[in-house]
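Give me the fold of what follows.
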Amino acid sequence: MTRLFPALIFAFAAVSAASAQEISAERLSDITRELASEPYAGRAPGGPGEQRTIDFIVSEFSKLGLEPAGDDGGWTQDVPLWRYQTKPGGTYTLAVGGQAKSLHEQADLRIETQRPVERVAIRAAPLVFVGYGVTAPERGWDDFKGVDLKGKIALVLINDPDFEAKDGEPVAGRFGGRAATFYGRWVYKYEEAVRRGALGMLIVHETAGAAYGWNTVVASNNESYDVVRKDPAKDKLLLQGWIQRDLAVDLFRQAGLDFEAEKARARTAGFTPVTLKGATFSADYPNSFTRLESRNVLAKITGAKRPDETILYAAHWDAYGVGPASPDGATIRPGAVDDAVGVAGVIETARAFKAGPAPDRSILFAAWTAEERGLLGSEYWAQAHEAELPKMVANYTYDVLQTAGPARDVVLVGAGQNLLEAHLATVAARHGRTITPDPRPERALFYRADHFSVAKRGVPTVLFMGMSGGANLETGGRAAGDRWVEDYTARCYHQTCDRWEPGQDYRGGAADVQLAFEAGRDLANSTTWPDWNDTSEFKPIRAKSAAERR
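This is a model prediction of the structure:
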């Protein structure tokens, strides 16, 4: 028998471990094919495919030797949900100057109520224009100026105060210019309206500022979801929704105001809210609500030295389930790329960690429910674990990994937010790859995935989202990457054709997961605490818990 020197044995072991920690494109493809197959029925929360989905993910986590991290020592966390439906037959009226105009749901406005009430009745509520509805002390901005909104409907503009700023205007660049901030998102505006005591809020729809047309606003067909809350009236407006721009322009005119002039005024820090003289809004409509029970799947590797410090890898398991038949007769929306491949990425990341030595810090792995219904599974988990988040080092989220093949770069959604990005660039350089900043920051994708549930609570995050912009593919370059994004977005995003296909190339997605794994492994074996950049709206939030990380 040949004897090996200890150093050589160590070298062989290191090579073996390195090989085992390589993310496999084949395994990504196999897991995606399984989760996107017909028996999973499109993986709708509370739908016929949920139990099979949960069982599969739990089985994969268990086979890897992970520890359960759900409720009561199990693999799952129960997520109670409300499904709301604004029922047809409601009446909606704008009145100004003694003239009343009836509005039509879906055509003129989109309305929802996320409170478990059977009927909403609002009688002649005054309308108050609150500009962009932003309170940002770190930017010296307050659109509300102490206005009393009790019993009133706030009328608000979409996007940020500097979205349409002209060169030379003082506000230009104050909120990132064309790059969206959280202040520009409709979710933030509703939350701020609740904090200000408003009865309801209507957002004026403009396609450029929203980054989507009216058809997207009404695509939910009057349906919405929320987590079950202890006091919905405390957290949710009685009425929230959108109104067509032309109606708002006419409303302002009848109230003696010029819409464009008021928009320009709203781009100044001195803006003050204005009550639309003599203008009121009334609504009377039935609202149905159904309680659903869904689940997150959670696992972990306990850190060997600092188990209370964590790094989170996550993706959402849900898709859109069964819907109207497509032209080819298909009714299941399989969600292969959005986001079965993300779940595959989490499972592969877990396998890679288990193939090496136990990390110093703990690693959490999550497959969230109800992302497509408003990031609800991740939000519910974050609320329940809020006290632990100050010691969460980082989050890496996979939501749409491209299937077009190897790329020379990785496109970074929401570039410029935190120090994780510079570290990711260092890891990418090890593989001869580069980072490309988000080419469409105005689309606000950074605020539209599950990572945001922990980001808004101060945890630094990186989102891998292949549809943010075309990667610079090794075959075909940026043009080919853009074609993949355009084709997927136009044809298959949330549609029945988001299927696993034998011609898909998972090597690019695997390479991105490899970067996330190595970046997290570096942090897991360090004492580093990445922070947000000074320009990020999340830095002050993280700063509040700084003492817990000393």
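
Apart from its neighbours in sequence, what residue is nearest R196?
Counting by Cβ to Cβ, 6 or more residues apart in numbering, R196 lies nearest to L149, which is 5.0 Å off, once chain neighbours are set aside. Any C-beta I mention is one placed from the backbone N, CA and C, and that applies to glycine too.

same thing with T275?
Excluding its sequence neighbours, the residue lying closest to T275 (Cβ to Cβ, 6+ apart) is V128, at 5.1 Å.

residue boundaries of the strands in the stretch 451-550 of the chain?
Taking DSSP state E, counting those that start in this stretch as the criterion, the stretch 451-550 of the chain carries its strands at 461-464.

what about it, any weak spots by pLDDT?
Under the criterion pLDDT under 70, no range of the stretch 451-550 of the chain is flagged.

tell me the contacts of L473?
Under the criterion of Cβ atoms under 8 Å, 6 or more residues apart in numbering, the contact list for L473 reads 404-408, 480-481, 484, 508.

pLDDT at the residue nearest to T275, what is it?
We note a pLDDT of 98 for V128 in this prediction.

looking just at contacts, which helices and strands does the strand or helix carrying it meet?
V128 is located in strand 119-129, with elements delineated by DSSP states H and E. Under the contact criterion of 3 or more Cβ pairs under 8 Å, 6 or more residues apart in numbering; DSSP states H and E, strand 119-129 touches strand 153-157, strand 274-301.

Which secondary structure elements does the helix or strand just after that strand sit against?
Toward the C-terminal end, the helix or strand that comes next after strand 119-129 (DSSP H and E) is strand 135-136. Contacts of strand 135-136 with other secondary structure elements, assessed using 3+ Cβ pairs under 8 Å, 6+ apart, are made with strand 141-142.

can you count the residues close to the residue nearest to T275?
Other residues within reach of V128 by the criterion other Cβ atoms under 10 Å amount to 22.

and what of D231?
D231 is flanked by 8 other residues according to other Cβ under 10 Å.

what do you get for P502?
P502 - counted by other Cβ under 10 Å - has 6 other residues nearby.

likewise G503?
5.

ok now do it, which residues does it touch?
Counted by Cβ under 8 Å, 6+ apart, G503 has zero contacts.

G303 too?
Residues 309-310, 358-363, 524 are the ones in contact with G303 under the rule Cβ under 8 Å, 6+ apart.

Looking at these, which one is closest to V204?
Distance ranking of those against V204, using Cβ to Cβ, places T310 first at 41.2 Å.

Report the beta-bridge partners for that closest one.
Here T310 shows beta-bridge partners S362, M392, assigned using DSSP bridges.

got a list of what it touches?
Taking Cβ under 8 Å, 6+ apart as the contact definition, T310 lies against 300, 303, 361-364, 388, 391-393.

hmm, which helix or strand of the protein has the shakiest average pLDDT?
Scoring the helices and strands of the chain by mean pLDDT, DSSP states H and E places helix 6-20 at the bottom, with a mean of 47.

residue nearest the centroid of this structure?
The C-alpha lying nearest the average C-alpha coordinate of the chain belongs to A449 (Cα atoms, centre = their mean; 1.9 Å).

Report the buried residues of stretch 198-210.
Within stretch 198-210, the residues that qualify as buried are 198-206, 209-210, counting by 16 or more other Cβ atoms under 10 Å.
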